[in-house]
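In: A predicted structure for the sequence below; I have some questions about it.
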Amino acid sequence: MLYRLHNSGYQAYLVGGCVRDLILGLHPKDFDIATNATPEQVRKLFRNCRLVGRRFRLAHVVFGREIIEVATFRGHHDSAEDERTDKVAKQDDEGMLLRDNVYGTIDEDAQRRDFTVNALYYNIADFSIIDFADGMKDIEAGVLRMIGDAPTRYREDPVRMLRAVRFATKLNMRLDDTVAKPIHELAPLLQNIPPARLFEEVLKLFTAGKGLANFEMLVDYHLFQQMFPLLKSYLAAPTEAPYQMLRQTFLDTDTRVRNDQRITPAYLFAALLWWPLQARMEQLSVESGLPPVDALNIAAADVIGRQVQTIAIPKRFSIPAREIWQLQQRMERAKGKRINSLLMHPKFRAAYDFLLLRAKTATPLEQKPLEQRAQFWTKIQENTNISPSTVAADEGKPNKKRGRRGGRRRRTKPTKKTD
């Protein structure tokens with residue numbers, strides 16, 4: 001791609017995270033290209049290209065499952081341009097960029113990037129690295145520094161506060177004081193970010209192996225509270241069960257990522273919203289006298305409905321999360337034939353893992369019953385030949401009215417003797 005752009009008379013460089021990660025000896029997640037070609041010109045060169053984005057116009061060149069992102073050099077804002085076109089930067093009253101399709105030179109593009117370590121360009125013409133903002137120096141010093149005035153850059157795009165935390169933990173760098181100090185004051189600006197975009201940021205923060213470190217740092221800077229307002233009251237007591245459950249959730253997720261085990265956002269959201277769900281269920285039970293199953297279903301709809309106002313949770317994850325919650329009630333009271341039906345449920349394994357999580361981080365009052373139930377389900381899975389009737393006996397509740405196959409015994413009438 002780079003050579004085709006060069007051979008067509010355009011400038012083109014590898015830029016940003018891929019260059020930074022290669023310097024640090026990390027494996028780049030993807031490769032980005034910066035060029036002076038406009039998105040429309042890039043599309044003419046590559047038939048497998050599609051243009052995406054309105055706020056930032058980008059070209060995506062598709063190679064099978066791989067997508068190479070090609071961005072045109074960004075220029076400085078010019079409010080004097082015709083606002084009827086899309087080639088102009090537009091900001092809201094708080095300074096957040098609503099549209100930014102102003103094109104410029106490579107020098108201007110470097111000044112428009114967020115952090116110095118991301119303003120590194122690899123030139124294939126002479127295999128050199130062009131450093132416009134002393135990014136190499138900051139990499140050697142292990143410090144994350146903003147290009148330009150940090151408060152202004154945060155107001156342009158509040159997600160940069162989340163990126164600062166993510167890069168600090170991923171790259172084992174410390175935040176420069178000028179980067180860290182404005183975050184507490186400007187954290188509420190995250191409320192202006194579309195919920196769909198925050199969902200993507202949540203995946204980057206908590207499903208890439210640095211979830212626990214990101215969680216603790218986000219809480220310290222009051223950023224986590226902006227993304228999950230339902231959890232604010234549970235973050236003030238780190239020794240209590242709710243906080244410990246959140247911490248253990250991220251620790252377990254990080255462990256699975258390191259072991260190349262499968263993770264799903266559905267489980268993550270089920271754990272994050274478990275305590276608000278319990279609080280809402282208790283409220284419904286007291287106020288309306290609803291049975292547990294009905295209280296759970298109504299509470300689940302209420303809690304997820306409130307959370308999606310901040311972070312858009314797609315139904316492909318919210319529905320399985322609700323199933324994990326529903327299975328907790330069924331696993332706590334299942335007997336006999338219901339044992340096998342639960343074992344066959346598609347979400348049983350996730351629900352079982354969630355039960356183990358609850359037992360590990362339970363309150364003193366709930367810990368023993370949950371541990372016993374967790375041991376029960378562990379035993380069921382270890383003994384694959386166990387039958388429902390044996391399960392009932394093991395629970396100390398044999399059903400004398402049941403036959404060997406689990407059905408009721410039928411009384412048969414004596415047959416008449418014939419001569």
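Out: Yes, it's here. Numbers count the residues shown, from 1 in each chain.

In: ok, Ala301 - contacts?
Out: By C-beta atoms under 8 Å, 6 or more residues apart in numbering, no residues touch Ala301. For every residue, glycine as well, the C-beta is placed using N, CA and C.

In: contacts only, for Thr249.
Out: Per C-beta under 8 Å, 6+ apart, neighbours of Thr249: 268, 271-272, 357.

In: could you list which of those belong to helices?
Out: Within those, membership in helices is found for 268, 271-272, 357, as judged by DSSP state H.

In: for Glu40, what is the enclosing helix or strand?
Out: Using DSSP states H and E, Glu40 sits in helix 39-45.

In: skipping adjacent residues, who's closest to the most centrally placed residue in the chain in space?
Out: Computing the C-alpha centroid of the chain and ranking residues by C-alpha atoms, centre = their mean puts Leu203 first, at 2.4 Å. Spatial nearest neighbour of Leu203, excluding adjacent residues (C-beta to C-beta, 6 or more residues apart in numbering): Pro265 at 6.5 Å.

In: so that neighbour makes contact with Ser318?
Out: No - Pro265 lies out of contact with Ser318 (C-beta atoms under 8 Å); the separation is 9.5 Å.

In: sketch out the low-pLDDT regions of the stretch 301-419 of the chain for me.
Out: 384-419 (pLDDT under 70).

In: how about the strands in it?
Out: Assigned by DSSP state E, counting those that start in this stretch, the strands in the stretch 301-419 of the chain number zero.

In: how about Arg258, what does it touch?
Out: Neighbours of Arg258 in contact, by C-beta under 8 Å, 6+ apart: Gly209.

In: give me the phi and psi angles of it.
Out: Phi and psi for Arg258, reported as degrees, to the nearest 10, are phi -60, psi -30.

In: now the one 4 residues further on
Out: Backbone torsions of Arg262, given as degrees, to the nearest 10, read phi -70, psi 140.

In: let me see the contact set for it.
Out: Arg262 neighbours (C-beta under 8 Å, 6+ apart): Arg256.

In: cool, and the one 3 residues further on?
Out: Contacts were defined as C-beta under 8 Å, 6+ apart; by that measure Pro265 touches 202-203, 207, 313, 317.

In: Glu332 too?
Out: Per C-beta under 8 Å, 6+ apart, neighbours of Glu332: Arg373.

In: surely Asp32 meets Tyr13?
Out: No - using C-beta under 8 Å, Asp32 makes no contact with Tyr13, being 9.5 Å away.

In: and the two? Which one has more around it.
Out: Ranked by neighbour count (other C-beta atoms under 10 Å), Asp32 and Tyr13 place Tyr13 first, with 25 against 18.

In: how far away is that one from Gly135?
Out: 14 Å (C-beta to C-beta, to the nearest Å).

In: check Ala236 too.
Out: For Ala236, the distance to Gly135 equals 38 Å [C-beta to C-beta].

In: which one of these two has more residues nearby?
Out: Taking other C-beta under 10 Å, Ala236 and Gly135 do not tie; Gly135 has more neighbours (25 against 8).

In: wait, that one sits on Arg20?
Out: Yes - here Gly135 reaches Arg20: they are 7.4 Å apart, a contact under C-beta under 8 Å.

In: between these two, what contacts are shared?
Out: 117-118, 120.

In: out of those, which is nearest to Arg65?
Out: Using C-beta to C-beta, Asn118 comes nearest to Arg65 of the shared contacts of Gly135 and Arg20, at 24.7 Å.

In: the residue lying closest to that closest one once chain neighbours are set aside: neighbouring residues, count only.
Out: Spatially, and ignoring its direct neighbours in sequence, Asn118 is nearest to Gly16 (4.8 Å; C-beta to C-beta, 6+ apart). Gly16 has 25 neighbouring residues, counting by other C-beta under 10 Å.

In: do you know the pLDDT at Leu246?
Out: We have a pLDDT of 97 for Leu246.

In: you'd agree it is up against Leu230?
Out: No - using C-beta under 8 Å, Leu246 is not in contact with Leu230; the gap is 11.9 Å.

In: more neighbours: the two, which one.
Out: Counted by other C-beta under 10 Å, Leu246 and Leu230 do not tie: Leu246 has more neighbours, with 25 against 18.

In: just the CA trace of the strand or helix carrying that one, in PDB.
Out: Taking DSSP H and E as the criterion, Leu246 maps to helix 241-258. C-alpha atoms of helix 241-258 as PDB (Å, rounded to 0.1, in the frame of the first residue of the first chain):
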ATOM      1  CA  ALA A 241     -18.100  -7.200  48.600                       C
ATOM      2  CA  PRO A 242     -19.300  -5.100  45.600                       C
ATOM      3  CA  TYR A 243     -15.900  -3.500  45.100                       C
ATOM      4  CA  GLN A 244     -14.100  -6.800  45.600                       C
ATOM      5  CA  MET A 245     -16.300  -8.400  43.000                       C
ATOM      6  CA  LEU A 246     -15.500  -5.700  40.400                       C
ATOM      7  CA  ARG A 247     -11.800  -6.100  41.100                       C
ATOM      8  CA  GLN A 248     -11.900  -9.900  40.900                       C
ATOM      9  CA  THR A 249     -13.900  -9.700  37.600                       C
ATOM     10  CA  PHE A 250     -11.100  -7.700  36.000                       C
ATOM     11  CA  LEU A 251      -8.400  -9.900  37.500                       C
ATOM     12  CA  ASP A 252     -10.100 -13.000  36.100                       C
ATOM     13  CA  THR A 253     -10.500 -11.400  32.700                       C
ATOM     14  CA  ASP A 254      -6.900 -10.400  32.500                       C
ATOM     15  CA  THR A 255      -5.900 -14.000  33.500                       C
ATOM     16  CA  ARG A 256      -8.000 -15.500  30.700                       C
ATOM     17  CA  VAL A 257      -6.600 -13.000  28.200                       C
ATOM     18  CA  ARG A 258      -3.000 -14.000  29.100                       C
END
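
In: about what we covered before: separation between the residue nearest to the centre of the chain and Tyr234?
Out: On the measure of C-beta to C-beta, Leu203 and Tyr234 end up 22 Å apart.

In: how many neighbours does Val42 have?
Out: 26.

In: contact partners for it?
Out: Contact analysis of Val42 by C-beta under 8 Å, 6+ apart lists 5, 35, 49, 59, 61, 70, 72.

In: now the helix holding Leu246, how far from the centre of its chain.
Out: In terms of C-alpha atoms, centre = their mean, to the nearest Å, the centre of helix 241-258 is set 13 Å apart from its chain centre.
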